[in-house]
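Chemist: I need the structure of the sequence given here:
(2 chains)
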Amino acid sequence: MKIVKIDKTDWSAGLQRSRESYRLVGPIKGENDDFAGIRELGEGEEPDLTATDTVLSPKSIVYPQSEIMFEYTTDKDSPDANLLIRPEKNYSPCAVVGIRPYDAAAFLLVRKNFDTPEYRDPYWCDAYEASTFIGLAVNRPDSTDFSTSTGSGPFSEKGLDALLVDTGDHYLAKLITEKGEAYVKAAGWKTEADPDTALKQIEEMKAVAEARISSAVAFENIRKKTILELYEADFWEDIAFSCINCGTCTYLCPTCWCFDIQDENRGTNGIRYKNWDSCMYPLFSLHGSGHNPRGTKVMRVRQRFMHKLKYFLDKYDDGIMCVGCGRCVRSCPVNIDIRRVCDIMNSYGTVENACTV
Amino acid sequence: MQNPYQPYPVRIDEVIDAVEDKSLKTFRFVFLNPEDEEKFSYRAGQFAELSVTGQGEIPIGIASSPTEKGFIMFTVFKVGKVTSYLHNMKAGDIMGVRGPMGNWYPWDSLEGKNIVIIGGGFAFTTLRSSIVYMLDSANRSKFKDIHVIYGARMPGLLLYRDELYEWEKRDDIHMHITVDGTDDPDWKYNVGFVPTITEQKAPSADADTCAIVCGPPIMIKFTLPVLENLGYSHDQIIMSLENRMKCGIGMCGRCNIGKEFVCKDGPVFTMDQLSQTPREY
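Modeler: Alright, predicted model coming up:
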């Protein structure tokens, strides 16, 4: 494992050097922004590594909220009338600098949905494959972070190509993949740290950071229950009671991937879009006949948590569809907490649970 | 791997009023690029997304049979934005078809068995595909007795009427056509609801018999107990589901029943499988 030491005085110059072969993406709060977000950085802009905990997750880097799938004309005189044409898009190499480890781990979960043995979503996959993820370890996780119990963590390398650790006056860059090595090379950061000392320092910092995380989720009992046992459980009304179906949790979640497809026309020209959608909305599942298989709020809330904490777990046998970033916990207007829901599901029907009621 | 959202361009070859009240039309499509027909290789029971440029896409069961070459056929009920627009399109118009999608009736395990097909209303499209497939001279010997119980509210609402009456004359298929009611004095077939006719005409189950059931929820609700009484176990009852869909390839997230996506893991499920999933359909 190669570890490169980056002096902070050489940080900006390195970023600038890397721009020759990479587009840069990173956390930033622009003058007109209400809050920090992760987006492509313009000339002169640098990733703000104090603002990596963005309100919205970085999923839009690979999966924009609204994306053009096809362009078309319905003009019958055109030789291309009614044919759908995928427009050119820039899929040149892109470095995402300053992404949090759990957000990078989320891409691995979402990839299971978009990159399957049968079908490959070219929009998601092309953007994902063009990206190099240079993560920033989280030295001081906040109170809503429960990433360690989801298989990620403040220093997790899952889904990252390189991990930066901020040690004060320099960064230690742990090079995890060839993509990560290539980026650091392009940035011209060459000073190799003594691997033993550096690794020891990183491990110590990791232990301190992980010790700060005070909440966790467990899902071992969820795994043992059948889908119908949990689906038919008696707690869903209580969980959904305060929900207003605003959809905030789904929009800022790094692992929520549901989408809609819409045609939008202007005259005889038009665009077929892929837009983020949300299972919180009745229209999501409404039939043409008027029948809605998830017609009530309770059913929709149940769908969201069952998908994340049970269906995904059963389908891929690779953990839950949650990386523990805590965004939904922080932003839910009615304080629904996925950690509590997970706990209710996990302890359902156990003796312990029966006693606490 | 090709872009799974990219439809094959097709030309509408023919538009046929499928029922007397014109609420359903049958569309025959021809692929603009002949090689696309080979790529669109399907089995009876699958569906496709019909893509009307500028309007959107709709998931529709494939009504033609894989044994019919040179075209594909869909029967579409006029219900929303895309279907209403489609109903006004004409032969010669260009649109798109994406697919085939989903699984199919389990033809490999159905071989050597008696097949009982039970359909109601306009849920007869993939059943028509199945019947044409089984009756094809290359396939008929693979199956034992074939029974078809198919009903609509009145004679004019039966789909594929000409074919039904042709099949009625054959001796290698037992047709039980029925209507809920009719004032036509010349009506030669059954009168009665599908569950009732199933009770009267469907063969009792043995280990070598399977039933494929497609129809409106009310028909399914009353037909299932009849089949159970006739001895059909839940893995001998095969159904095809519908849910709202967009992508058709298991990605957009809306059509799931539990962990299964109706579009990709279905639409064909046995009663046995459905009894283990939430009834979100």
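Chemist: And stretch B:259-268, end to end?
Modeler: 15 Å (Cα to Cα, to the nearest Å).
Chemist: whoops, I mixed them up, stretch B:187-201
Modeler: 18 Å.
Chemist: Let me see the mean pLDDT of it.
Modeler: Stretch B:187-201 carries an average pLDDT of 95.
Chemist: near chain A, which residues of the stretch 1-150 of chain B?
Modeler: B:1, B:3-7, B:9, B:51, B:53-57, B:79-80, B:83, B:93-96 (Cβ under 8 Å from any Cβ of the partner chain). Placement of C-beta: from N, CA and C, glycine included.
Chemist: just checking, which of the residues you listed belong to strands?
Modeler: B:9, B:51, B:56-57, B:94-96 (DSSP state E).
Chemist: Most neighbours among those, which one?
Modeler: In terms of neighbour count, B:Ser51 stands highest of those at 28 neighbours, by other Cβ atoms under 10 Å in any protein chain shown.
Chemist: from chain A, which residue is nearest to chain B?
Modeler: A:Cys258 (3.4 Å; Cβ to the nearest Cβ).
Chemist: For that residue, which non-adjacent residue is closest in space?
Modeler: Setting aside the residues directly before and after it, A:Cys258 is nearest to B:Gly253 in space (Cβ to Cβ, 6 or more residues apart in numbering or on different chains), at 3.4 Å.
Chemist: Might one say that that neighbour is in contact with A:Asp277?
Modeler: Yes. Using Cβ atoms under 8 Å, B:Gly253 and A:Asp277 qualify as a contacting pair, with a distance of 7.4 Å.
Chemist: Determine the residues that are contacts of both of the two.
Modeler: A:258-259 (Cβ atoms under 8 Å, 6 or more residues apart in numbering or on different chains).
Chemist: Just list what the longest helix seen in chain B packs against, helices and strands only.
Modeler: As assigned by DSSP state H, the longest helix anywhere in chain B is helix B:217-229. Contact here means 3 or more Cβ pairs under 8 Å, 6 or more residues apart in numbering or on different chains; DSSP states H and E; on that basis helix B:217-229 packs against helix B:194-201, strand B:209-214, strand B:237-240.
Chemist: List the buried residues for the first one?
Modeler: Yep, that's helix B:194-201 we're talking about. Neighbour-count burial for helix B:194-201 flags B:194-199, B:201 (criterion: 16 or more other Cβ atoms under 10 Å in any protein chain shown).
Chemist: Excluding its own residues, what touches it? List them.
Modeler: Here helix B:194-201 has contacts from B:118-120, B:147, B:149-151, B:174, B:176, B:178, B:190, B:192, B:215, B:219, B:222-223, B:225-227, B:229-230, using Cβ under 8 Å, 6+ apart.
Chemist: One more pass at 6 Å, please.
Modeler: With Cβ atoms under 6 Å, 6 or more residues apart in numbering or on different chains as the contact definition, helix B:194-201 has outside contacts at B:118, B:120, B:149, B:151, B:176, B:178, B:190, B:219, B:222-223, B:226.
Chemist: Would you mind giving the residues you listed as CSV with neighbour count added?
Modeler: As requested, the contacts of helix B:194-201 are arranged in CSV below (neighbours: other Cβ atoms under 10 Å in any protein chain shown):
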residue, neighbour count
B:Ile118, 29
B:Gly120, 25
B:Ile149, 28
B:Gly151, 28
B:His176, 22
B:Thr178, 24
B:Asn190, 19
B:Met219, 21
B:Phe222, 16
B:Thr223, 25
B:Val226, 19
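Chemist: Let me know the pLDDT of A:Thr52.
Modeler: pLDDT, read off for A:Thr52, is 77.
Chemist: count of residues packed around it?
Modeler: Neighbour count of A:Thr52, defined by other Cβ under 10 Å: 22.
Chemist: for it, what are its contacts?
Modeler: A:27, A:98, A:100, A:136.
Chemist: Closest one of those to A:Glu192?
Modeler: Closest approach between the contacts of A:Thr52 and A:Glu192, by Cβ to Cβ: A:Leu136, at 20.1 Å.
Chemist: ranges for the strands of the stretch 151-281 of chain B?
Modeler: B:174-179, B:190-191, B:209-214, B:237-240, B:256-257, B:260-261, B:268-270 (DSSP state E, counting those that start in this stretch).
Chemist: I'd like the distance from the first one to the chain centre, please.
Modeler: Between the centre of strand B:174-179 and the centre of its host chain there is 17 Å, according to Cα atoms, centre = their mean, to the nearest Å.
Chemist: That one to helix B:194-201, inter-axis angle?
Modeler: 150 degrees (axes from the mean of the first three to the mean of the last three Cα atoms, to 10 degrees).
Chemist: same question, the third one
Modeler: Here strand B:209-214 runs at an angle of 160 degrees relative to helix B:194-201 (the same axes, to 10 degrees).
Chemist: average model confidence for strand B:209-214?
Modeler: 96.
Chemist: in stretch A:137-150, what's buried?
Modeler: Within stretch A:137-150, the residues that count as buried by 16+ other Cβ under 10 Å are A:137-138, A:141, A:144-150.
Chemist: And for stretch A:3-12?
Modeler: In stretch A:3-12, counting by 16+ other Cβ under 10 Å, buried: A:3-6, A:10-11.
Chemist: returning to that earlier point: as JSON lines, the buried residues of helix B:194-201 with distance to A:Glu192 would be great.
Modeler: Compiled in JSON lines, the buried residues of helix B:194-201 are given as follows (distance: Cβ to Cβ, whole Å):
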{"residue": "B:Val194", "distance to A:Glu192": "77"}
{"residue": "B:Pro195", "distance to A:Glu192": "77"}
{"residue": "B:Thr196", "distance to A:Glu192": "83"}
{"residue": "B:Ile197", "distance to A:Glu192": "81"}
{"residue": "B:Thr198", "distance to A:Glu192": "77"}
{"residue": "B:Glu199", "distance to A:Glu192": "81"}
{"residue": "B:Lys201", "distance to A:Glu192": "82"}
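Chemist: Can you show me the helices along chain A?
Modeler: Using DSSP H, helices in chain A cover A:11-18, A:101-114, A:122-130, A:178-187, A:195-212, A:220-224, A:227-231, A:236-240, A:248-252, A:297-306, A:312-316, A:327-331, A:338-347, A:351-356.
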